[in-house]
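Asks: When you get a sec, could you give me coordinates for this:
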Amino acid sequence: MLMKRSVQFAVFLLVVCLPFVAAASDQVSGHWEGEIQLPGTPLEVLVNLEKSPAGEWKGDITIPIQQVKEIPLKGFQIKDAAVRFSIAGIPGDPTFSGTLKAEGTVLEGTFTQGGQEFPFKLQRADDPVAKAKAALHDFEKTIQDGLKTLNAPGLAMAVVYNDALVFSGGFGLRDIERELPMTEDTLLAIGSSSKAFTTFALGVLVDRGEMEWDKPVRNYIPWFQMHDAVVGQRLTPRDMVTHRSGLPRHDLVWYNNFTVSREELVRRIAHLELSADLREKFQYNNLMFLSAGFLLEKLTGSPWEKAVRDLVFTPLDMQRSNFSVKASQQDENFAQPYAEKEGKLEKIPFRDITTVGPAGAINSSVREMSRWLTVHLYNGKYAGKAIINPATLRDMHTLHMAGAGTSGDPRVSDAGYGMGWFVDHYRGHRRVHHGGNIDGFTCMVTLLPDDGLGFVVLANKNHAALPELLIRTAADRLLGMEPVDWIADAAKRKQERTGEMDKAAKKKYTRRIAKTRLSHPVSAYMGTYHHPGYGDLLVTRNGKGLQFVFNGMKTALEHWHYDTFVGKKIQEPTFEDMKLTFHTDVNGFIYRVSAPFEPMTGPIVFDKQPDSRYSDPVFLKTLCGDYSLMGQKAIIALKGTVLTIRVANQPASELVPRLGGEFSIKEVEMIRLKFNKDKSGKVTGFEVYQPQGVFTAERMQESSDK
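Replies: Prediction:
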């Protein structure tokens, strides 16, 4: 609104008409900045005026605080020093009538709307696009110094003012080994900055009436469940994309997992423990964004990739942007991933996260990402075409969940979360932003919506601090703020942290209890362990010791103390220094392993699975037959892939495979049964273990196998 609510008449968003003065045409043309003196708080406005060669006037007005961009002006009446014009399409006939003064540098007069009058004053100003370019004219040196100071191989950066690209380029190397330069067209992973694309695509469906943010997800995915049934019934799409579902990260469910579908991962959420109630607190969660992407698939009938391409990439002319690091490597211009290890840059493997794509799998260039900035700064429009409703876009940029981050710096406020975006204030300016980190790549996308500024920096280094620091440095210049040497401050903190980390690493063995032994032979720990949400964890031999395999990642295990092992780094660093503890059941079997895969819920417990032979009908058939048990006939038979036992005239009971080659009676779990074999491997009978004792059954020689 142009006017405050205290004014007793309807005021509309674009009530700002800017006057164009003219004692002479050349004095009126140009860019003007100033205020309308509304009651209480002046309203900042920006006006552009231009006279065509044919003598016709045109112009537009921008109101930053209302995120109103370039609304057309009409009704120009310019004669001598008198200037009059109105804002097109706004009720109440908002009109500026003013006089050009101070040798054509000031235009002031009266703004009227709906019978109300307010003074206004505009001053001639430099073209904002040219001004922004000038502010960053030597920014390349800052970037090059930053690459050297913080030891990054390369990066690309773009800065947008409204719909104008005011800075763009590539710096350093995209491939150190081949000495290939980074460019503004180099493809890099944007990581979790992909989340905003998922919410944007869903927002387009909201505009079409195909989804509502605040209806339960079950309206669209009827089978959707969470560990807490009530939360599962109430969860909405808005909850999914604001990190307030109550579910902590549980990232190892999906990380490096190429064997399950997106639907299967969404179904596994039902088995993952919550650590808070619905909407209780902010908990960053990639699985919820995966679920939001799956929801997009259900609503469009297309894979998430096609839906995002159709609803976002294509309208924004993002032709080379893709959804897989494998696709990037087929392009002629892509960056290699690097990590800093002991002060040196080392190339690391690409991490394919296609399965969890809606949370972080997009790859792009800063040239194409600049178009993404534009649609957010320009009220949902790109190249003159409306892509998304401005109200829907503002909803995404609005804080929906507090507690998303504590700043610790008085120049930056604590963060909250919108929908796919963090929201806070940077040195008094409203900021909407999201970073992205995936193995070997760092991204930062930042909007200052009220200032019409957007930034994107893509770097090919793991957890690089430089993208955020460069954006802060550039923003300070563009906003005319007192400069801060963000990069030097970060370099100092990095050096201090390195020393602290070295000291902490040397102390980690103080937690180890010396001279302890395993409770079982090494072979007893081997086997397949299962969790319904996380899947299988396989423990196998590794020389004389053990290793475990989870989601295809192999980690050698070193005995730590008692029945606890620690992960050793070989090639896969994910589980380095992670402790796995094995547990013994009442029968003396190693039956579980617990691992701190999710620190917010306590250890994740994997149950050891029986030998796979005990689900194989070919093997089970060798156990079938008639047995004599305490003078009664016991018949072991096969029903599909399940053994049954029937004693005398009693109904048959299923036998459930257990550890150690044992079976339990399905109805009475404590009763166990184990088959005996002679030296040739022939089944001779079985033993029944009960609290009262151990009973032996012998195979009846005259019986025929069932």
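Asks: Quick check: residue 103 vs residue 127, distance?
Replies: Applying CB to CB, to the nearest Å, the value for residue 103 to residue 127 is 19 Å. All C-beta spots, glycine's among them, are computed from the backbone N, C-alpha and C.
Asks: between these two, which one's more packed in?
Replies: Neighbours per residue (other CB atoms under 10 Å) separate residue 103 from residue 127, with residue 127 holding more: 13 against 9.
Asks: Quick one: find the helix or strand in the protein with the lowest mean pLDDT.
Replies: Every helix and strand in the chain was compared by mean pLDDT, DSSP states H and E; the lowest is helix 25-28, with a mean of 74.
Asks: and the very next helix or strand once past it, how far from the chain's centre?
Replies: Per DSSP states H and E, the first helix or strand lying C-terminal to helix 25-28 is strand 30-36. Averaging C-alpha positions (CA atoms, centre = their mean, to the nearest Å) puts strand 30-36 40 Å from its chain's average.
Asks: Could you do stretch 536-551 as well?
Replies: Its chain's C-alpha centre and that of stretch 536-551 lie 30 Å apart, by CA atoms, centre = their mean.
Asks: Okay, now the sheet partners of the helix or strand harbouring residue 62, with direction.
Replies: For residue 62, the host element (DSSP H and E) is strand 57-63. Note on strand 57-63: by DSSP bridges, its sheet partners are strand 43-51 (antiparallel), strand 68-79 (antiparallel).
Asks: okay, stretch 415-424 in CSV with CA atoms only?
Replies: Output in CSV follows, covering the C-alpha atoms of stretch 415-424 (Å, rounded to 0.1, in the frame of the first residue of the first chain):
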residue,chain,number,x,y,z
ALA,A,415,17.2,-16.9,10.8
GLY,A,416,13.8,-18.4,10.2
TYR,A,417,12.5,-20.5,7.3
GLY,A,418,10.0,-19.7,4.6
MET,A,419,9.2,-22.4,2.0
GLY,A,420,12.5,-23.5,0.5
TRP,A,421,14.3,-20.4,1.7
PHE,A,422,15.9,-19.1,4.9
VAL,A,423,14.8,-15.6,5.9
ASP,A,424,16.6,-13.1,8.1
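Asks: Give me the contact list for that stretch.
Replies: Contacts to stretch 415-424, defined as CB atoms under 8 Å, 6 or more residues apart in numbering, come from residues 195-200, 203, 213, 238, 241-243, 282, 289, 395-407, 412-414, 430-434, 447.
Asks: out of those, which are buried?
Replies: Among those, those scoring as buried are 195-200, 203, 213, 238, 241-243, 282, 289, 395-397, 399-401, 404, 413, 430-434, 447 (criterion: 16 or more other CB atoms under 10 Å).
Asks: Mind checking which of the residues you listed land in helices?
Replies: Those of the buried ones among the contacts of stretch 415-424 mapping onto helices are 195-200, 203, 238, 289, 395-397, per DSSP state H.
Asks: tell me which of those residues is nearest to residue 388?
Replies: Using CB to CB, residue 203 comes nearest to residue 388 of these, at 5.6 Å.
Asks: For the closest residue to the closest one other than its chain neighbours, give me its contacts.
Replies: Using CB to CB, 6 or more residues apart in numbering and skipping the chain neighbours, the partner closest in space to residue 203 is residue 392 (4.5 Å). Counting by CB under 8 Å, 6+ apart, residue 392 touches 203-204, 206-207, 380.
Asks: which of the residues you listed count as buried?
Replies: 203-204, 206-207, 380.
Asks: Reformat the strands paired with strand 57-63 as TSV; add mean neighbour count.
Replies: Shown next, in TSV, are those (neighbours: other CB atoms under 10 Å):
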stretch	mean neighbour count
strand 43-51	21
strand 68-79	18
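Asks: Need the ones you listed in JSON lines (columns: distance to residue 452 and mean pLDDT).
Replies: Listed next are the strands paired with strand 57-63 as JSON lines, based on distance: least, CB to CB, whole Å; pLDDT from 0 to 100:
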{"stretch": "strand 43-51", "distance to residue 452": "9", "mean pLDDT": "94"}
{"stretch": "strand 68-79", "distance to residue 452": "8", "mean pLDDT": "91"}
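Asks: Tabulate the ones you listed (TSV), appending distance to residue 644.
Replies: Written out in TSV, the entries for those read as follows (distance: least, CB to CB, whole Å):
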stretch	distance to residue 644
strand 43-51	81
strand 68-79	74
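Asks: and the strand or helix carrying residue 131, what other elements does it pack with?
Replies: Element membership for residue 131 (DSSP H and E) is helix 128-135. Helices and strands touching helix 128-135, by 3 or more CB pairs under 8 Å, 6 or more residues apart in numbering; DSSP states H and E, are strand 154-161, strand 164-175, helix 466-479.
Asks: please redo it, this time with the cut-off set to 6 Å
Replies: strand 164-175, helix 466-479 (3 or more CB pairs under 6 Å, 6 or more residues apart in numbering; DSSP states H and E).
Asks: just checking, residue 318 touches residue 367?
Replies: No: Residue 318 is beyond contact range of residue 367, at 9.3 Å (criterion: CB atoms under 6 Å).
Asks: so who does residue 27 touch?
Replies: Taking CB atoms under 6 Å, 6 or more residues apart in numbering, we find residue 27 in contact with residue 104.
Asks: that older thread, pull out the buried positions in the strand holding residue 62.
Replies: By neighbour count on 16+ other CB under 10 Å, the buried set for strand 57-63 is 57, 59-63.
Asks: Format those as CSV; extra columns: pLDDT and distance to residue 184.
Replies: Listed next are the buried residues of strand 57-63 as CSV, based on pLDDT from 0 to 100; distance: CB to CB, whole Å:
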residue, pLDDT, distance to residue 184
57, 94, 37
59, 95, 32
60, 94, 29
61, 95, 32
62, 91, 27
63, 89, 32
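Asks: which one of these sits closest to residue 161?
Replies: Checking those against residue 161 by CB to CB gives residue 62 as the nearest, at 11.2 Å.
Asks: so what's the nearest residue to that closest one once chain neighbours are set aside bridging to?
Replies: Counting by CB to CB, 6+ apart, residue 62 lies nearest to residue 46, which is 4.2 Å off, once chain neighbours are set aside. Note on residue 46: beta-bridge partners residue 33, residue 62, judged by DSSP bridges.
Asks: now residue 46: how far from residue 61?
Replies: From residue 46 across to residue 61, the span is 7 Å (CB to CB).
Asks: try residue 301
Replies: To residue 61, residue 301 is 42 Å away according to CB to CB.
Asks: Please apply the same query to residue 142.
Replies: Going from residue 142 to residue 61 by CB to CB gives 34 Å.
Asks: cool, and residue 121?
Replies: Separation of residue 121 from residue 61 (CB to CB): 15 Å.
Asks: sorry, back to before: can I get the strand holding residue 62 in PDB, CA atoms only?
Replies: Provided in PDB are the C-alpha atoms of strand 57-63 (Å, rounded to 0.1, in the frame of the first residue of the first chain):
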ATOM      1  CA  TRP A  57       6.200   9.900 -22.800                       C
ATOM      2  CA  LYS A  58       6.300   6.600 -21.000                       C
ATOM      3  CA  GLY A  59       7.500   5.500 -17.600                       C
ATOM      4  CA  ASP A  60       7.200   3.200 -14.600                       C
ATOM      5  CA  ILE A  61       7.300   3.200 -10.900                       C
ATOM      6  CA  THR A  62       8.800   0.800  -8.300                       C
ATOM      7  CA  ILE A  63       7.900   0.700  -4.600                       C
END
